[in-house]
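1. return a 3D structure for these sequence lines:
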Amino acid sequence: QDLNQCRIIYAGEQHTNKSHHKIQLQIIQTAYEHNHNLAVGMEMFDYTYQDVLDLWSTGKLDEETFLRKTHWYANWRYDYGLYRDILNYIKDNNIRLVGLNIPGYVTKKIPIGGIENLRKDEKKLLPTNIDLSYADHREYIQKIFDGHRQHFKGDVKFEDFYAAQVVWEDIMAETIAKHLDNRKMVVLAGNGHIQFKYGI
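-> Prediction:
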């Protein structure tokens, strides 16, 4: 009943937890059974691969070709087997698959050099709106930053680190909005993008 009342359903995960992916699949199956006008948005793909994702959704790619065309192990790197059942269900039922993420090299550069030093072609990939004013989210990310400070290479400033995180969240929110139309959407993303409702 809760799923039927929601237009966007966020299903989080710890990326390597198999049970989380089983639950995500159950959510997708239940949502699809009640509404065939469904899309699945995934953090695991960046939006520049949408043409390839459309081919998958319409059954025009086999798994090997799909992995090669999405550069799965360069872009996401986690074992594809964790997501196979979900992606096969999407393909078998011709469900719209939407890539939500920004190319990873953009968010990797922001903590090191700031948004202002991205190249022109990289700035074109950014979300239209980057909202850095959410105090609770900022405090949450500050704790993550403090816990990872010793792992940074170079002089990483919190403001740049936070900007990278916000770009990540805002591009996924923007991409969801662009592809929603009159559909229902199930969104699969890491827990950190969903918990406390701070992220996407």
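
2. tally of neighbours for Thr194?
-> Check again: residue 194 is Ile, not Thr. Using other CB atoms under 10 Å, Ile194 has 19 other residues around it. Just so you know, the C-beta spots here come from the backbone N, C-alpha and C atoms, and that holds for glycine as well.

3. could you do Lys123 as well?
-> 12.

4. could you check the pLDDT of the nearest residue to it once chain neighbours are set aside?
-> Nearest non-adjacent residue to Lys123, counting by CB to CB, 6 or more residues apart in numbering: Ile115, 7.6 Å away. Predicted confidence (pLDDT) for Ile115: 97.

5. identify the residues contacting Ile115.
-> Lys123, Leu126, Ile130, Asp160, Ala163, Val167 (CB atoms under 8 Å, 6 or more residues apart in numbering).

6. state the pair within those that is farthest apart.
-> Lys123 and Asp160 (14.7 Å; CB to CB).

7. just checking, what packs against the host helix or strand of Glu159?
-> Using DSSP states H and E, the element containing Glu159 is helix 158-180. In terms of contacts (3 or more CB pairs under 8 Å, 6 or more residues apart in numbering; DSSP states H and E), helix 158-180 is packed against strand 38-46, strand 96-101, helix 104-113, helix 135-148, strand 184-190.

8. among the ones you listed, which is nearest Thr30?
-> Across these, Thr30 has its closest neighbour in strand 184-190 (9.4 Å, CB to CB).

9. what is the burial count for Tyr140?
-> If you count neighbours by other CB under 10 Å, Tyr140 ends up with 17.

10. for it, what are its contacts?
-> Contacts for Tyr140 (CB under 8 Å, 6+ apart) come out as Phe196, Tyr198.

11. measure it to Tyr162 for me?
-> In this view, Tyr140 and Tyr162 are 10 Å apart by CB to CB, to the nearest Å.
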